[in-house]
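**Q** next come a sequence and a model predicted from it.
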Amino acid sequence: MGARIAQEVQDLLQSRGLGASSKEAFAMYNVAVKNVAEQLTADEESRLRQKAGEWSEQGNPPEVQKSLAIKHGFKRVEETDTLRYREMGMLSWTVVGYMGSNGLTVRIHDSMAHQMGSNMASFQDTFPDVALNLKTKALHYMGALHASRSGYRLPPLEENQEVVQVPARPDLVMKRNEEGYPVLPDEPQEHLVQTRAELEGLVREFLNVHYKLASGYRYEAAPYAAVRLDAPAFFANRYFPAGVEFKDPHNIGRPELVQILDFWRERQKYHGPAETFRWDVYINRGKERLKAAYGSRADHARNAASAAAKKLRREKKKGARRRPPAFDPPTALSPPTAPTPPTAFDPPTALAPPTALAPPPAFDPPPAFDPPTPLAPPTPLRPPPPPAPPHPLPPPPPPPRH
């Protein structure tokens, strides 16, 4: 189904002249699913519905669960709390536990005040002691649930501890020998029941490790869709149980997964890890089938080449800082060119005789001046008027009488 949808997407993109990295590629997926669904026969549709029911009941593999919990866990809890409140007016204070990258992690989700549109502090901020106590007990209880499957006893928890390292069950741990080949764990004890998802994880890890070895450490996962179309071209019949169809482990039922693991354990017991299973070919990025390269390490060659290139760049950079720039050697001087003999000069041309100077032009005689006009005699001056006689002084006043 997945291969048919991928091919339909590719056909849709090519018909529109689009590439796989274009923005429209994602939108084409829904169209491709619809087209493939319309082309299914009644039998294919019935089997697809049955497989969808199995997936819904069995759940995702552990590695998928972990990835989804880390990326979308709290968003899903928020959506669920919002839906409960909007439909039924229910307020919830949630303690969630999931297997994160560092182990079992317990977190608290409280959106009651937000759902009510209130500015009050959250429950864990209002009652921090109660919230911390409940969180610690939830971490211990959830850790005990995980550990009970492997008979592991949790150590006492520290204050404010939020993560617990839960060891994996021995029957689910796949080791490797000195040559790198995977070694299947023994069958589980009678009181332990392996889920379909756990069995799928073992089969997938086993096949992927072998494919990584067969490709010289070039690829991490087997191309299950391509192998299913032509399984005999990828491995010999003796490496897979008869009567079981090879396909993606996620599409294999629990009884078939148990049969495959029991078959491999039997081969591992009598033939060793190197002959439990072997790929004959692997596919490169160009879709070419190449002969299996067990024992080669393409990753070592790549790492060595990368390290050598980095070392060379460091040395060049270091040398450029410490050493003066190298100068080009001086260019050898060319021998001197022989002097060119002087060119014979023509005899000097005779100078023309000097041209006689023209005589200076004759000057006109100066014009004759008229004789000066005689000056008129001066006018005689009039004599000054005689001075006026002085005025007589008045007589003195008579003396006073007594």
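**A** It's in. Residues are numbered from 1 along each chain as shown.
**Q** make it CA atoms for all contacts and neighbour counts henceforth
**A** Fine.
**Q** helices along the stretch 1-150 of the chain, start to end?
**A** Assigned by DSSP state H, counting those that start in this stretch, the helices in the stretch 1-150 of the chain fall at 2-15, 25-39, 42-58, 62-88, 112-116, 123-126, 128-148.
**Q** among these, where is the model least confident on average?
**A** If you rank the helices of the stretch 1-150 of the chain by mean pLDDT, helix 42-58 sits at the bottom with a mean of 66.
**Q** now do the strands in the stretch 101-250 of the chain.
**A** Applying DSSP state E, counting those that start in this stretch to the stretch 101-250 of the chain gives strands spanning 103-110, 163-164, 175-176, 182-183.
**Q** for stretch 258-265, what is the distance to the chain centroid?
**A** A distance of 42 Å separates the C-alpha centroid of stretch 258-265 from that of its chain, computed with CA atoms, centre = their mean, to the nearest Å.
**Q** only the buried residues of that stretch, if you could.
**A** Buried positions in stretch 258-265, judged by neighbour count with 16 or more other CA atoms under 10 Å: 260-265.
**Q** narrow these to those in helices?
**A** Among the buried residues of stretch 258-265, the ones falling in helices (DSSP state H) are 260-265.
**Q** could you dump those residues into TSV with distance to residue 222 and pLDDT added?
**A** Below are those laid out as TSV (distance: CA to CA, whole Å; pLDDT from 0 to 100):
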residue	distance to residue 222	pLDDT
260	17	96
261	17	95
262	21	95
263	20	96
264	18	96
265	20	95
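**Q** as TSV, these with distance to residue 177 would be great.
**A** Formatted as TSV, these follow (distance: CA to CA, whole Å):
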residue	distance to residue 177
260	21
261	18
262	20
263	19
264	16
265	15
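**Q** need the max-distance pair from the residues you listed.
**A** Farthest pair in these (CA to CA) is 260 and 265. Separation: 8.7 Å.
**Q** so what sits against both of the two?
**A** Shared contacts of residue 260 and residue 265 (CA atoms under 8 Å, 6 or more residues apart in numbering): none.
**Q** re earlier: what's the least confident stretch among the strands of the stretch 101-250 of the chain?
**A** Ranked by mean pLDDT, the strands of the stretch 101-250 of the chain bottom out at strand 163-164, with a mean of 72.
**Q** who does that strand touch, helix- and strand-wise?
**A** Counting contacts by 3 or more CA pairs under 8 Å, 6 or more residues apart in numbering; DSSP states H and E, strand 163-164 packs against strand 103-110, helix 128-148.
**Q** quick one: the longest one to chain centroid distance?
**A** In other words, helix 128-148. Between the centre of helix 128-148 and the centre of its host chain there is 37 Å, according to CA atoms, centre = their mean.
**Q** understood, closing this out.
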